[in-house]
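S.K.: predicted model, plus sequence, below.
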Amino acid sequence: MSSTERPVRVRFAPSPTGKLHVGGARTAIYNWAFARATGGTFILRIDDTDPTRSTEENTQVILRAMRWLGLDWDEGPEVGGDFGPYFQTERLSNYRAAAERMVAEGNAYYCFCSPEKLAADREAAQARKDTFQGYQGTCRHLDPAEAQARVDAGEPYTIRIKVPDDRGDVIVHDAVHGDVVFNAKELDDFIIFRSDGTPTYNFATVVDDAEMGITHIIRGDDHLSNTPRQVMVYEALGAPVPTFAHISMILGADGKKLSKRHGATSVEEYRDAGYLSDAFVNYLALLGWAPDGESTVISRERLASEFSLDHVSKNPAIMDPKKLDFINGEYLHAMSDREFADEVLIPELHSHDLEPVGECLHDEAWYDLLAAALKPRTTLGPDVVAQAAFLYEDDADLEYDEKAVKKWLAKAGAADALDASAKALTALDDWSPAAIEAALDPLPEQLGMGKGKVFQPIRVAVTGSAASPGIGETLALAGKEHVLARIARAKELAQ
Ligand code: GLU
């Protein structure tokens, strides 16, 4: 049965040797979206066979990152499934059994060549200027009974796959790269089991993918060169070869592989910087895939219904932090004020220990007003902290931005503007943004001054800086008593 006729089963198989990086996250997103779009099954498998670099802590970090990304898996750690275990270290007996079956069926053989012999063979081939300098096939033709006797006697051995003599080119039908041709001769009778009794990556991964019924392998194109060897293992196991889709690397703006030099590389760094999961998934999904070449905001639902491999680009994708910020902003701006208050504003303020000062009433309506004022000016959640900080200072402690003072307070007319506004505001009972604006509106004409010259000194007086939301909202949020106290304090700096 070809892989296209089987129900879709895909897997994301991270090695827990570090955190989940953006490249791995995008691979996970594509596997998840492909499973959802085809009504298939998404499997998470932990490839933890590298004992020196795999850690339980990294596994937990990866699981947390997957959960934060909202990539729910149907089988795997914590959820189980019929094809487990889902940790490679718990599958060693499966690899052993598969390798022994291959030996018994003549598709693999025991090799007793020592590292020294292999090195000497390679040197001799180099000296002869042979085009082929790989394994010389020394143990390929050993009598199986004799080989078994040597194994039983305790002689160290590896297990090698027997690449059939007549195996022509290996053609990998890749959904992204098209047909990629590899010369089987160059593949060598490669090792599937090391002398220390551990399976090699190319072997373990295929045993797992075959036993788990994986139909499509979507992964980074750094694995394309491993694929012909893996195809040989499928053939030797008599298992159907899945469809491969090798996706491009993610590069930094300089065209080099994404690394620390370019900034954040792990999913948790983006989470901690305040990006929204939906926006981050949206952005990564579009790094190499596009449903129509136009949309920049694609909901998770749309991704999960429209994702297809034929729209995946084989060109390297460039990480563009500005575009990520833009998309994050789009998601924030699409929230209702209430959502923005509950999901972004209040958690950010609390996590930065911004607590109400004095008797300042921070009720739901106040947060709604603050949300409405800040949302359009926010690209990333933590942006709200600096913008709202003036609301959390004692009047006497508010710090004034030096430039703003110089430009707007230390200017002729500023004291008059502050006096007039204090007067107008003192008389005001309705402390709503609209009423405040209505009270201040006539002042420029009354004073014969431009709007900026009147309103900017008030803004600097109340917020300490020259940039804030609309003057009505700003003053309403600060509260009447604080506004008047701050205007009085700012007069000392004004001319
Ligand atoms: N554990 C491998 C990796 O993280 C999986 C590769 C694959 O998808 O086959 O690179």
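M.R.: Perfect, I can see it now.
S.K.: C-alpha only now, for contacts and for neighbours.
M.R.: Will do.
S.K.: show me what the strand or helix carrying Val281 is packed against.
M.R.: For Val281, the element it lies in under DSSP states H and E is helix 277-285. Counting contacts by 3 or more CA pairs under 8 Å, 6 or more residues apart in numbering; DSSP states H and E, helix 277-285 packs against helix 22-38, helix 56-69, helix 300-306, helix 321-333.
S.K.: what is the neighbour count of Asn226?
M.R.: 13 (other CA atoms under 10 Å).
S.K.: tell me the pLDDT at it?
M.R.: We have a pLDDT of 95 for Asn226.
S.K.: the nearest residue to it once chain neighbours are set aside and the ligand, how far apart?
M.R.: Nearest residue to Asn226, sequence neighbours excluded (CA to CA, 6 or more residues apart in numbering): Asn202, at 6.9 Å. Asn202 is 8 Å from the ligand, where distance means CA to the nearest ligand atom, to the nearest Å.
S.K.: looking at the helices and strands packed on helix 277-285, which is buried most?
M.R.: Comparing the helices and strands packed on helix 277-285 by mean neighbour count (mean count of other CA atoms under 10 Å), helix 22-38 ranks first with a mean of 24.
S.K.: and the ligand, is that helix touching that?
M.R.: No - counting by CA under 6 Å from any ligand atom, the ligand is not contacted by helix 22-38; separation bottoms out at 7.7 Å.
S.K.: can you list contacts of that helix?
M.R.: 8-12, 14, 40-42, 66, 71-73, 218-220, 247, 249-250, 265-267, 281, 284-285, 303-309 (CA atoms under 8 Å, 6 or more residues apart in numbering).
S.K.: restrict those residues to those near the ligand?
M.R.: Of the residues in the contacts of helix 22-38, proximity to the ligand by CA under 6 Å from any ligand atom holds for Pro14, Arg219.
S.K.: please flag which of the contacts of helix 22-38 sit within helices.
M.R.: Using DSSP state H, Met66, Val267, Val281, Leu284, Ala285, Leu303, Ala304, Ser305, Glu306 are the members of these that sit in helices.
S.K.: and Phe390, what's its pLDDT?
M.R.: On the pLDDT scale, Phe390 gets 94.
S.K.: check contacts around it.
M.R.: Contacts of Phe390 were listed using CA under 8 Å, 6+ apart, and they are Leu398, Val462, Thr463, Gly464.
S.K.: let me have the helices and strands packed on helix 277-285 in a markdown table, extended by mean pLDDT.
M.R.: Shown next, in a markdown table, are those (pLDDT from 0 to 100):
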| stretch | mean pLDDT |
| --- | --- |
| helix 22-38 | 97 |
| helix 56-69 | 97 |
| helix 300-306 | 96 |
| helix 321-333 | 96 |
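S.K.: for Tyr86, which of those helices is the nearest?
M.R.: helix 56-69 (12.1 Å; CA to CA).
S.K.: between the closest one and helix 22-38, how many degrees?
M.R.: Calculated by axes from the mean of the first three to the mean of the last three CA atoms, to 10 degrees, helix 56-69 forms an angle of 50 degrees with helix 22-38.
S.K.: list the buried residues for the next helix-or-strand element following helix 56-69?
M.R.: Where DSSP H and E defines the elements, the next helix or strand beyond helix 56-69 is helix 92-104. By 16 or more other CA atoms under 10 Å, the buried positions in helix 92-104 come out as Leu92, Tyr95, Arg96, Ala98, Ala99, Glu100, Met102, Val103.
S.K.: check the average confidence over helix 92-104, would you?
M.R.: The model assigns helix 92-104 a mean pLDDT of 97.
S.K.: with stretch 110-129 instead?
M.R.: Stretch 110-129 comes out at a mean pLDDT of 93.
S.K.: residues touching His21, list them.
M.R.: Contact analysis of His21 by CA under 8 Å, 6+ apart lists Thr265, Ser266, Val267.
S.K.: and the last one, how close does it get to the ligand?
M.R.: When CA to the nearest ligand atom is applied, the distance between Val267 and the ligand equals 15 Å.
S.K.: pLDDT wise, what is that residue at?
M.R.: Among the per-residue scores, Val267 holds a pLDDT of 97.
S.K.: now for it: which residues touch it?
M.R.: Lys19, Leu20, His21, Val22, Ala25, Ala65.
S.K.: grab the nearest non-local neighbour of the third one.
M.R.: Same thing as His21. That would be Ser266: by CA to CA, 6+ apart, it lies 4.2 Å from His21.
S.K.: surely that neighbour touches Asn58?
M.R.: No - look at Ser266 against Asn58 with CA atoms under 8 Å: they stay out of range, at 11.9 Å.
S.K.: between the two, what contacts are shared?
M.R.: Jointly contacting Ser266 and Asn58 under the rule CA under 8 Å, 6+ apart are Lys19.
S.K.: show me the contacts for Gly464.
M.R.: Applying CA under 8 Å, 6+ apart, we find Gly464 in contact with Phe390, Leu398, Glu399, Tyr400, Asp401, Ala404.
S.K.: one more time with 7 Å
M.R.: Leu398, Glu399, Tyr400, Asp401 (CA atoms under 7 Å, 6 or more residues apart in numbering).
S.K.: what's opposite the residue of the stretch 101-250 of the chain found nearest the ligand in the beta bridge?
M.R.: In the stretch 101-250 of the chain, no residue comes nearer to the ligand than Arg219, which is 5.1 Å away by CA to the nearest ligand atom. With DSSP bridges applied, Arg219 shows beta-bridge pairing to His246.
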